[in-house]
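[1] Provided below are the primary sequence and the corresponding predicted coordinates.
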Amino acid sequence: MNAIKTTNLTKDYGGGKGIIGLNLTVAEGEFFGFIGPNGAGKSTTIRTLLGLVAADGGSADVLGHDIVREKKQILRKTGYLPSETVFYPGMRVSDILSLSAGLRGVNCAAEAKRLCERLQLDMSQKTDTLSLGNRKKVAIVCALQHMPRLLILDEPTSGLDPLIQREFFAILRERNQAGATVFFSSHVLSEISRNCTHAAVIRDGRIVTADALSHSAAKRVTVQGSVDLTALSGVMSVTGQEGTVSFLYSGGKKELLHVLAAGEVSDLTISEPDLEEIFMQYYEKEGRQ
């Protein structure tokens with residue numbers, strides 16, 4: 001079963017804001033990254049999937065439930081971390097965690113305590129005095145403490161120091177290995193590259209690619225010697241210095257070998273591009289930097 005399945009999902013705020021015709025599939029049990037800069041449509045997608053905003057068109061299922069007719073079933077099985085969190089004033093961290101658990105009708109005290117210890121969060125602190133990082137920790141525990149089947153996390157690491165980020169992703173990997181699906185948005189490419197098996201790139205409210213990170217269609221080709229690339233289609237991001245040329249290539253293998261054989265090649269490397277190169281293919285088009 002798919003954890004998330006959208007078909008032409010649309011939320012149009014006008015002026016090019018929102019999401020348009022989104023088609024996205026996330027298999028259950030995946031660790032899935034959702035990549036894009038601020039304003040690309042990541043948060044709108046997530047809020048629409050959870051029924052927090054109403055779609056203007058298309059459809060979507062989350063854990064087999066329709067996002068319109070079966071929103072309560074979705075929320076019961078999902079842990080959601082918004083990009084920004086606000087708490088009731090005057091409450092302690094322990095009160096917020098108990099309130100969150102109580103709204104779900106479950107006792108999460110033991111798991112909440114364990115998560116707070118791992119994230120170095122003092123449960124006795126009042127929310128009014130919390131730093132940005134500690135507010136984010138509270139939200140993380142609220143999202144994880146009831147052991148949901150699906151974790152939907154929107155820019156989860158903003159405000160967290162590097163050591164806590166490392167522990168946070170260790171927790172996510174443990175949950176994923178235990179069968180939970182993890183879907184998280186980020187504009188930090190290294191987070192996606194280190195932790196995800198699949199990812200989707202969103203640009204101006206539209207999915208521009210979604211694939212396994214280790215199986216990009218483009219390859220990084222580095223040639224030492226002299227080759228004529230002018231007749232070769234599918235060549236991108238060409239750089240060269242001191243008798244070496246390097247480029248991304250998405251064309252046919254036979255065509256590439258024919259061009260290389262016609263040149264003077266003393267050394268050749270063909271490898272997978274890193275995630276940043278894949279990402280920038282889509283964000284440098286049409287003059288975007």
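    Perfect, thanks for sending it. These numbers come from a predicted model, not from an experiment. Numbering: from 1, shown residues only.

[2] avg pLDDT for the top helix by length along the chain?
    Ranked by number of residues, the top helix in the chain under DSSP state H is helix 162-177. Model confidence over helix 162-177 averages 96 on the pLDDT scale.

[3] Which parts of it count as buried, going by neighbours?
    164-165, 168-169, 171-172, 175-176 (16 or more other Cβ atoms under 10 Å). (Each C-beta comes from the backbone N, C-alpha and C, glycine too.)

[4] Equivalent analysis for stretch 14-34, please.
    18-20, 22, 24, 26, 29-34.

[5] before we move on, the earlier item: quick one: which of the buried residues of helix 162-177 is nearest residue 264?
    Residue 264 lies nearest to residue 169 out of the buried residues of helix 162-177, by Cβ to Cβ, at 46.3 Å.

[6] Residue 72: neighbouring residues, count only.
    Residue 72 is flanked by 10 other residues according to other Cβ atoms under 10 Å.

[7] any idea how far it lies from residue 62?
    12 Å (Cβ to Cβ, to the nearest Å).

[8] And residue 15, by the same measure?
    Separation of residue 15 from residue 62 (Cβ to Cβ): 28 Å.

[9] before we move on, back to that, just the mean pLDDT for the helix or strand following the longest helix of the chain, thanks.
    Next in sequence after helix 162-177, counting helices and strands by DSSP states H and E, comes strand 181-186. Averaged across strand 181-186, the pLDDT comes to 94.

[10] contact partners of strand 181-186?
    3-4, 26-36, 42-43, 45-46, 83, 149-157, 172, 175-176, 192 (Cβ atoms under 8 Å, 6 or more residues apart in numbering).

[11] Can you give the distance of that strand from its chain's centre?
    How far strand 181-186 lies from its chain's middle: 5 Å, per Cα atoms, centre = their mean, to the nearest Å.

[12] cool, and stretch 240-252?
    Relative to its chain's centre, stretch 240-252 lies at 29 Å (Cα atoms, centre = their mean).

[13] go on, stretch 249-256?
    Distance, centroid of stretch 249-256 to centroid of chain: 30 Å (Cα atoms, centre = their mean).

[14] End to end on that stretch, go ahead and measure it.
    Using Cα to Cα, to the nearest Å, the end-to-end distance of stretch 249-256 comes out at 9 Å.

[15] Helices of the stretch 101-250 of the chain, residue ranges please.
    Remark: helices assigned in the stretch 101-250 of the chain by DSSP state H, counting those that start in this stretch are 109-118, 132-144, 162-177, 189-195.

[16] Tell me which of those lies nearest to residue 202.
    Of all the helices of the stretch 101-250 of the chain, it is helix 189-195 that lies closest to residue 202, at 12.3 Å by Cβ to Cβ.

[17] what mean pLDDT would you report for that closest one?
    Here the average pLDDT along helix 189-195 is 82.

[18] Low-confidence ranges, the protein, go.
    Across the chain, the ranges flagged by pLDDT under 70 are 212-217, 273-289.

[19] Strands of that one, residue ranges please.
    Listed in chain order, the strands of the chain (DSSP state E) span 2-14, 17-27, 31-35, 57-62, 65-66, 78-81, 150-154, 181-186, 198-203, 206-212, 219-226, 235-241, 244-249, 264-271.
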